[in-house]
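A.B. asks: dropping a prediction and its sequence here:
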Amino acid sequence: MALLAAALALIACNGSGTGPPVPATPGPTVLVAGDPVPAAQMTDALANLCTARDEAPDSPGAAQARFFSRSHTTLHLVARALEDVDRPLAARLLEAKQKVEADFSNGASGGQVADDLRPLVTVTADSLDRLAVPLPPCAK
Amino acid sequence: MSLMESYRRSSRRPVAAFALAVLVLLGACSSDQGSSGTTATTSPEGDLIVDVASYDVAVGPPARILVGVQSGDQQVLAFGTVAVRFTFLGTKDAPLEAPAAGPPVTATYLPIPGTPDSPVGVIAPQMVSGAQARGVYGASVGFDKPGFWQAAVTVPLDGKERRGTGAFEVLDRHVIPAVGSPAPRSQNLTMDSPPDVPRGGIDSRAGSDGSQPIPDPELHQTTVAAALDAGRPVVAVIATPVYCTSRFCGPVTDMVQELSHVYGDRATFIHIEVWRDFQNSVVNKAAAEWIFPDPAGGLNEPWVFVIGGDGVITARFDNVATRAELEPLLQALPVLP
């Protein structure tokens, strides 16, 4: 496929070659099913999990909003990336995530949400470590 | 071992690599040939990330295709409608140098189950956080050629036209059972399965050690085969509530469970858990019959199938299924004696 890309580029560059630049993803990336995902996005997702954990006891609603807006989708990507290299860890991550989602779905108390976010933070940190993604300060 | 199937998840690498190749082709050197209808040449400009969320897209009559749209800062596009143009890019062996975009089609917002639909009065798409809304845009589109295609989304946001593209593959025929084809007469696991069957294989929410209760026992009362033998229509959701890795995962099984409480007198509702043992990559045989028929192929979920009492599939929904799509189909079924 790389040869194909090179061939295509050569074919295309036979012409005027004044098109827009190829979009680039800044910084290191992790391949998720062949698609590059910025490592910084994964680091940010974990940092927000830490914050959600800390704010959950007093403000479970804020923790829920933060979880779904800043972490949830990226956790799926982390799990998908892990599937290829460490399925037991992917399983632990998805199981911990599902508990937190169930808490939010069931209107669990802030304390319960925090209790379930703690192991999710831990397993997410393990997961990023496994993928060689930098950890945020809160998880080191 | 007779109930087990080995598993190998699909890889999107061919699509990603092909898309990269096309981006190189188009981005490095091509120029836009203007907006003269269907002759416009696609280009990779645009800051939106477009992810074709459909599985098993194949040549044939119009069928639902899904696209998810997000921005680089993890905001997602939600509500209203967007315009999507589909472009045939060629095949792996014969990529097109100047692909021609098709006419725009209108795709309508479909909220992931458990997330808000468009607020009343909101008709225009908006960039929102994942906490506010999550969903995809669906349109009915027919593809006439197998190979690699591109979906280009344009949407007005904050007074500017925003754009993004995503590549996907169209197969020459469906791999997953399609509308009009006979349903696999699966002997899926049920609450009455022998004790040696792991409870987590019936529903992953029971836990890998089976320590949690199965939360939807009413969806595990019978088999697809038995329901069809009795002439009952079937709604089958093939999903793994815990181990879903689609970025569009949502509580689709919960939504089907809710529907079963309303329409249980018109159809039999069944949840088939995907994984018998996720950690060891063992797929339930019944799930494999539906969504993993080719061990050399890929496995994507969730899926929802609607099957007539005659055993023929009447509708199928990949990745995202909404109550608004399913409910009219169920309301059209007669109440069973």
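C.D. replies: Perfect, thanks for sending it.
A.B. asks: would you map the strands across chain A?
C.D. replies: Assigned by DSSP state E, the strands in chain A fall at A:29-32, A:35-38.
A.B. asks: what helices or strands is the first one leaning on?
C.D. replies: By that I understand strand A:29-32. Packing partners of strand A:29-32 (3 or more Cβ pairs under 8 Å, 6 or more residues apart in numbering or on different chains; DSSP states H and E): strand A:35-38, helix A:39-55, helix A:72-83. From N, CA and C alone the C-beta is placed, and that goes for glycine too.
A.B. asks: can you put these in JSON lines and add mean pLDDT and mean neighbour count?
C.D. replies: JSON lines is the format used below for those (pLDDT from 0 to 100; neighbours: other Cβ atoms under 10 Å in any protein chain shown):
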{"stretch": "strand A:35-38", "mean pLDDT": "88", "mean neighbour count": "18"}
{"stretch": "helix A:39-55", "mean pLDDT": "97", "mean neighbour count": "21"}
{"stretch": "helix A:72-83", "mean pLDDT": "93", "mean neighbour count": "23"}
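A.B. asks: ok, back up a step: let's have the strands of chain A in a markdown table, adding distance to A:Pro134.
C.D. replies: A markdown table is the format used below for the strands of chain A (distance: least, Cβ to Cβ, whole Å):
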| stretch | distance to A:Pro134 |
| --- | --- |
| strand A:29-32 | 11 |
| strand A:35-38 | 11 |
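A.B. asks: any idea which of those strands gets closest to B:Trp290?
C.D. replies: Relative to B:Trp290, the nearest member of the strands of chain A by Cβ to Cβ is strand A:29-32, separated by 25.1 Å.
A.B. asks: which residues touch that closest one?
C.D. replies: A:36-39, A:42, A:77, A:80-81, A:131, A:133 (Cβ atoms under 8 Å, 6 or more residues apart in numbering or on different chains).
A.B. asks: go again with 6 Å.
C.D. replies: A:36-39, A:77, A:80-81, A:131 (Cβ atoms under 6 Å, 6 or more residues apart in numbering or on different chains).
A.B. asks: near chain B, from those?
C.D. replies: Counting by Cβ under 6 Å from any Cβ of the partner chain, A:Arg80 from these sit close to chain B.
A.B. asks: and of the contacts of strand A:29-32, the nearest to chain B?
C.D. replies: A:Arg80 (4.3 Å; Cβ to the nearest Cβ).
A.B. asks: so how far is B:Gly201 from the closest residue in space to that closest one that isn't next to it in sequence?
C.D. replies: Nearest residue to A:Arg80, sequence neighbours excluded (Cβ to Cβ, 6 or more residues apart in numbering or on different chains): B:Thr245, at 4.3 Å. According to Cβ to Cβ, to the nearest Å, B:Thr245 and B:Gly201 sit 18 Å apart.
A.B. asks: flag every residue of the stretch 151-300 of chain B that's near chain A.
C.D. replies: Residues of the stretch 151-300 of chain B lying near chain A by Cβ under 6 Å from any Cβ: B:242-243, B:245, B:247, B:278-279.
A.B. asks: what's opposite B:Trp149 in the beta bridge?
C.D. replies: Under the criterion DSSP bridges, B:Trp149 forms beta bridges with B:Phe88, B:Phe168.
A.B. asks: closest point of the stretch 101-250 of chain B to chain A, which residue?
C.D. replies: B:Ser129 (3.5 Å).
A.B. asks: residues contacting the nearest residue to that residue once chain neighbours are set aside?
C.D. replies: Once flanking residues are discounted, B:Ser129 sits nearest to A:Ser69: 3.5 Å by Cβ to Cβ, 6+ apart. Going by Cβ under 6 Å, 6+ apart, A:Ser69 touches B:129-131.
A.B. asks: out of the residues you listed, who has the most neighbours?
C.D. replies: Using other Cβ atoms under 10 Å in any protein chain shown as the neighbour criterion, B:Gly130 leads the contacts of A:Ser69 with 24 neighbours.
A.B. asks: before we move on, which element is B:Val262 in?
C.D. replies: helix B:252-263 (DSSP states H and E).
A.B. asks: name the helices or strands packed onto that helix?
C.D. replies: strand B:234-239, strand B:268-273 (3 or more Cβ pairs under 6 Å, 6 or more residues apart in numbering or on different chains; DSSP states H and E).
A.B. asks: which stretches of chain A form helices?
C.D. replies: A:2-12, A:39-55, A:60-66, A:72-83, A:87-106, A:110-130 (DSSP state H).
A.B. asks: got it, and the stretch 201-337 of chain B?
C.D. replies: Secondary structure of the stretch 201-337 of chain B (DSSP state H, counting those that start in this stretch): helices at B:224-229, B:252-263, B:285-291, B:323-331.
A.B. asks: spit out the contact partners of the most centrally placed residue in chain A.
C.D. replies: By Cα atoms, centre = their mean, chain A has its centre lying nearest to A:Thr74, at 2.9 Å. A:Thr74 makes contacts with A:41-42, A:45, as judged by Cβ under 6 Å, 6+ apart.
A.B. asks: could you do B:His271 as well?
C.D. replies: Contacts for B:His271 (Cβ under 6 Å, 6+ apart) come out as B:216, B:219, B:237, B:253.
A.B. asks: quick check: B:Ile65 vs chain A, distance?
C.D. replies: From B:Ile65 across to chain A, the span is 19 Å (Cβ to the nearest Cβ, to the nearest Å).
A.B. asks: for the host helix or strand of that residue, what does the pLDDT average out to?
C.D. replies: Assigned by DSSP H and E, B:Ile65 belongs to strand B:63-70. Here strand B:63-70 scores 96 as its mean pLDDT.
A.B. asks: check which helices and strands that strand sits against.
C.D. replies: Where contact means 3+ Cβ pairs under 6 Å, 6+ apart, strand B:63-70 is packed against strand B:48-52, strand B:135-141.
A.B. asks: lowest average confidence across those strands, which one?
C.D. replies: Across the helices and strands packed on strand B:63-70, strand B:48-52 has the smallest mean pLDDT, namely a mean of 93.
A.B. asks: could you give the angle of that one to strand B:135-141?
C.D. replies: 60 degrees (axes from the mean of the first three to the mean of the last three Cα atoms, to 10 degrees).
A.B. asks: now do strand B:48-52: distance to the chain's middle.
C.D. replies: Relative to its chain's centre, strand B:48-52 lies at 15 Å (Cα atoms, centre = their mean, to the nearest Å).
A.B. asks: between that strand and strand B:63-70, what angle do the directions make?
C.D. replies: 150 degrees.
A.B. asks: contact partners of strand B:48-52?
C.D. replies: Applying Cβ under 6 Å, 6+ apart, the external contacts of strand B:48-52 come out as B:67-70, B:151, B:153, B:162, B:164-166, B:168.
A.B. asks: equivalent analysis for stretch A:78-93, please.
C.D. replies: With contacts defined as Cβ under 6 Å, 6+ apart, stretch A:78-93 is touched by A:30, A:32-33, A:42, A:94, A:123, A:127, A:130-131, B:245, B:278-279.
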